[in-house]
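[1] need a structure here:
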Amino acid sequence: MSLENQFMLVQFAEAKQPEYREKKSEGYYEYGHKNDYPNYLVELFNKSAKHNAIIRNKVHYITGNGWTGDFKPNRSESLYDLSRKVSTDIEIFGGAYIEVIWGIGRVAEMWHIDYTKIRTNKDNTQFWYKEDWKDSRSKIEGIYPAFNPNVPEGKQILYVKEYRPDYRIYSLPGYYGALNWVESDIEVSKHVLGNAKTGFSASKLITLPNGEPSPEEQRVIHNKFKNTYTGSDGIKYMLSFVNDASRKPLVDDLGQSDLSREDFSIVDELIQTNIFSGHQVTTPSIFGIAVAGQLGTRTEMRDGYEIFKNTYVNSKQMFLETLFNDMSKYYQYTGEELKIIPTEPIGIEFSEATIVSVAPRDWIIEKLGIDMSKYQPQQFSEFDWSQFDGFGEPADRFNVWKKKQVFEDVELFADVTQLQSDILDLISKDKRITPEVIADTLKEDVGVVKRIIGTLTERGFLSVKETSIGEGIDENIIIERQLTEPLKDIVEKVKPKTTEFLIRYSYEWKQGFNNSDTPSSRPFCKYMMDKKRQGQMYSRSEIEQMSARLGYSVWDRLGGWYTEPGTNKHSISCRHEWKSNIVTRK
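    Here you go, the predicted structure:
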């Protein structure tokens, strides 16, 4: 037997990188070298203990203890069931697919679709379903259009994916930069199984000089050695057969394993640190992962959870809340606003002394059932409002594309490219169509339509001609707009970069109130509606910082709550509201 047949060389390669190839005969893009990249990500999730624990606990913290409201997305699942599946796919793949089934005039059901079973085209306008994409012989089982509320019929696919620079056809997971380390964790665990201890690796080489037996005879000899000289520590020898009758059987010492226990500790720590970094994990203990040298005290877990919640969980929950609140309107759902009920890490408890030492005074009064409105003036009388002066930006720094009361718009954040295409299509059919008629036809805000027409004109896609009819008071100006190129050519050029769009929040009067109501407003509202700050735009992060400094959530409670005397019923009694704005910087 030659050396070539006795030894095998194992080469370690870089973790799989996604590849995109168009299946021109079908129209979809393959995802991965063998069209199996999602399956590869699932395999990493199933086989790496650290990676698996982090993702499962991320989903636990994001989806919390369920939802407020009684919205039911389909006939057999709760919103909690659906959102856990969607959140799991987003954490593993960076995106998720939702099947939307239209009824008569409204959405009838939403169902989660396994991410591994869908492929799409370049612009995500069509989706192909197949149970096993690795089986090249099986047929496509269904082709569906993208979710489009302007065409409310049949089955459609809503593709939810997280933004990242150099946006691709398919989503990529947030931990993408740590893929090598996740795969290393799996490979090292295999190596540890056979080589971490001396007893699990070959430590003796036994040379038998009685010629080279047949493969069957070699197996018989090996079994005899194994039954005689091995035990619970495993096989500790290698057999070598040589054709040299003049030699005696030899037993050579192979020494220790290439990797000592110390080596494994260093490698494991390096892998663990990089997997944590890829997942934005600062406190492993809240994910049920023990780290040598760290006790994982309740205080450490509490602080770590707060950091993780503010830097990761909050934004994920906001995304899910916005998604399902917006989608619920297509069901014509009119119930309670949908919000995720937060959860806490298991085992974190606080003594009464700890609660009293850190909780805001008004929070304690509220829990005792005392009317908070009697105590708020005292709370705010000594508050230094100047510490909020650095928050917010003037509204005139932004172009506002859409304004809505938080969670009360019936549409998802519109794809501006589609809206631009629809506007161009209407103009191509009627060169004298007015922005007002366009807005009414497309059910859009007329201000948004005018801004888009202005942008298309500035970029040279529309030409404008004004014609005067009549004289004096009878004069009328007719505006005609024409496309400067064929519609299909323009559509390819007007696609916006998603990085240009931001969400900012403004603090505004509710309908029926105005600046004349300022003297009787609460201190926080007076500060926010001061002439210097009216019209300011705030990020959600800035709002959360305000909440942290005031000791209560100004996002949920705004200026304050009203407690019905003698009860524990609370309601927002402020005359203001947060409004969300989809904006771009000027």
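
[2] In the stretch 451-586 of the chain, where is pLDDT below threshold?
    Within the stretch 451-586 of the chain, the ranges that satisfy pLDDT under 70 run 469-475, 494-501, 561-573.

[3] And the helices in it?
    With helices called from DSSP state H, counting those that start in this stretch, the stretch 451-586 of the chain shows them at 487-493, 523-528, 540-550, 554-557.

[4] partner strands of the longest strand along the chain, parallel or antiparallel?
    In the chain, taking DSSP state E as the definition, the longest strand is strand 576-585. Paired neighbours of strand 576-585 in the sheet (DSSP bridges): strand 398-405 (antiparallel), strand 502-509 (antiparallel).

[5] Turn those strands into CSV, including distance to R459 and mean neighbour count.
    C-beta here means a position set from N, CA and C on the backbone, and glycine is covered the same way. Output for the strands paired with strand 576-585, formatted as CSV (distance: least, Cβ to Cβ, whole Å; neighbours: other Cβ atoms under 10 Å):
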stretch, distance to R459, mean neighbour count
strand 398-405, 14, 17
strand 502-509, 21, 18
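
[6] need those in a markdown table with distance to K339, can you?
    Shown next, in a markdown table, are the strands paired with strand 576-585 (distance: least, Cβ to Cβ, whole Å):
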| stretch | distance to K339 |
| --- | --- |
| strand 398-405 | 15 |
| strand 502-509 | 16 |
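
[7] quick one, which of these is nearest to Y175?
    Nearest to Y175 among the strands paired with strand 576-585 is strand 502-509 (24.4 Å), distances taken as Cβ to Cβ.

[8] just checking, next helix/strand downstream of the helix or strand harbouring D425?
    For D425, the host element (DSSP states H and E) is helix 416-429. Using DSSP H and E, the helix or strand that directly follows helix 416-429 along the chain is helix 435-442.

[9] ok, residues contacting that next one?
    With contacts defined as Cβ atoms under 8 Å, 6 or more residues apart in numbering, helix 435-442 is touched by L419, D422, I423, L426, I427, E444, D445, V446, V448, V449, K450, I453.

[10] List buried residues within these.
    The neighbour-count test (16 or more other Cβ atoms under 10 Å) marks L419, D422, I423, I427, E444, V448, V449, I453 as buried among the contacts of helix 435-442.

[11] pretty sure the fifth one is in contact with L419, am I right?
    Yes: the pair E444 and L419 qualifies as a contact (Cβ atoms under 8 Å) at a distance of 6.7 Å.

[12] of all the strands paired with strand 576-585, which lies closest to K122?
    Taking Cβ to Cβ, strand 398-405 is the member of these nearest to K122, at 24.9 Å.

[13] how about the strands paired with strand 576-585, which one is nearest S138?
    Of these, nearest to S138 by Cβ to Cβ is strand 502-509, at 42.2 Å.

[14] ok now the closest one, how far from the chain's centre?
    Chain-centre distance of strand 502-509: 23 Å, with Cα atoms, centre = their mean, to the nearest Å.

[15] Could you export that strand as PDB, CA atoms only?
    The C-alpha coordinates for strand 502-509 follow below in PDB (Å, rounded to 0.1, in the frame of the first residue of the first chain):
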ATOM      1  CA  LEU A 502     -34.100  58.300   7.600                       C
ATOM      2  CA  ILE A 503     -36.900  58.200  10.200                       C
ATOM      3  CA  ARG A 504     -37.100  61.200  12.500                       C
ATOM      4  CA  TYR A 505     -39.800  62.100  15.100                       C
ATOM      5  CA  SER A 506     -41.400  65.400  15.700                       C
ATOM      6  CA  TYR A 507     -43.300  66.500  18.900                       C
ATOM      7  CA  GLU A 508     -46.500  68.200  17.800                       C
ATOM      8  CA  TRP A 509     -49.900  69.300  19.100                       C
END
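
[16] Can you tell me the element L323 falls in?
    With DSSP H and E as the test, L323 turns up in helix 314-329.

[17] do the same with I157
    strand 155-161.

[18] How much space separates R75 from S171?
    Distance, R75 to S171, using Cβ to Cβ, to the nearest Å: 28 Å.

[19] With neighbour numbers in mind, choose between those two.
    Using other Cβ atoms under 10 Å, the more surrounded residue of R75 and S171 is S171, with 24 against 8.

[20] Give me the secondary structure label for the more buried one.
    Here S171 is coil, with the state taken from DSSP: H, G, I helix; E, B strand; the rest coil.

[21] and it, what does it touch?
    Counted by Cβ under 8 Å, 6+ apart, S171 has contacts F93, G94, G95, K161, E162.

[22] R119 and Q126, how far apart?
    Taking Cβ to Cβ, one finds R119 at 10 Å from Q126.
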